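> fold the following.
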Amino acid sequence: MRVLAAMSGGVDSAVAAARAVDAGHDVTGVHLALSRNPKTYRTGARGCCTLEDSRDARRAADVIGIPFYVWDMADRFHEDVVDDFVAEYAAGRTPNPCLRCNEKIKFAAVLDRAIALGFDAVVTGHHARLGADGLLRRSVDVAKDQSYVLAVLTREQLDRSVFPLGDSTKAEVRAEAARRGLAVAEKPDSHDICFIADGDTRGFLAQRLGE
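Residues are numbered from 1 along each chain as shown. Here you go, the predicted structure:
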């Protein structure tokens, strides 16, 4: 298959892309630029989509030996994820921006563009499994399972998705990255809300909604 590997600059997506190559697919890597004002460096495990992440993804693609591109989806991300995040709080609900990002960005905007460009599927580093029956299942690494953020996907989207890491633990993924010579082998996982890099959600909302 001709597949598009979404590469965040982290260890999971790098190993997923490498495994897709090993499986015999024609792989192209793409990094999603989601921040309107990307910072050069992340703060520990907080935040993502920095210039550093873009460079890490490019270096990983070079090691794997695949073409690599950066897609600017900052405006779409802001509208579908950030604005939605603020609106949900304003309505008295607690949003899950990671779920919304996967639904609206990674498996809607990206997959739609990939299909339009002639790709057969999108490969990601999510820790989840697709069984032979096509059903979405938890990763074998329960502590890293991400199937819950993929549960909003449609049948058609799942049919064009590949999750190479679902049968591996995070420790196994990191060890494999080191064997492959990928510099991101020990890079910390990103967590919390990626577009609130300082972790101050209360302050972020106060600026937009008032106290």
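> now the end-to-end length of stretch 71-82.
End-to-end distance of stretch 71-82 (CA to CA, to the nearest Å): 18 Å.
> could I get the full set of helices for the chain?
Per DSSP state H, the chain carries helices over the ranges 11-22, 51-64, 74-77, 83-90, 97-101, 110-116, 147-150, 155-159, 170-179, 201-209.
> report the buried residues of the fourth one.
What it means is helix 83-90. By neighbour count on 16 or more other CB atoms under 10 Å, the buried set for helix 83-90 is 84, 85, 89. All C-beta spots, glycine's among them, are computed from the backbone N, C-alpha and C.
> and the gap between the residue nearest to residue 196 when sequence neighbours are not counted and residue 97?
Residue nearest to residue 196 in three dimensions, not counting chain neighbours: residue 204, with 4.9 Å by CB to CB, 6 or more residues apart in numbering. Separation of residue 204 from residue 97 (CB to CB, to the nearest Å): 11 Å.
> same thing with residue 86?
Distance, residue 86 to residue 97, by CB to CB: 10 Å.
> one more: residue 10?
Per CB to CB, residue 10 is found 17 Å from residue 97.
> with residue 121 instead?
25 Å.
> and if you look at residue 154?
Taking CB to CB as the criterion, residue 154 is separated from residue 97 by 20 Å.
> which one's more surrounded, these two?
Taking other CB atoms under 10 Å, residue 154 and residue 97 do not tie; residue 97 has more neighbours (19 against 11).
> hmm, that one is touching residue 85, no?
Yes. Under the criterion of CB atoms under 8 Å, residue 97 makes contact with residue 85 at 4.9 Å.
> quick one: contacts of the lengthiest strand in the chain?
Across the chain, the longest stretch assigned as strand under DSSP state E is strand 26-33. Strand 26-33 has contacts (CB atoms under 8 Å, 6 or more residues apart in numbering) with 1-9, 17, 20-21, 49, 53-54, 57-58, 60-61, 64, 66-74, 77, 105-106, 110, 119, 123.
> all set now, cheers.
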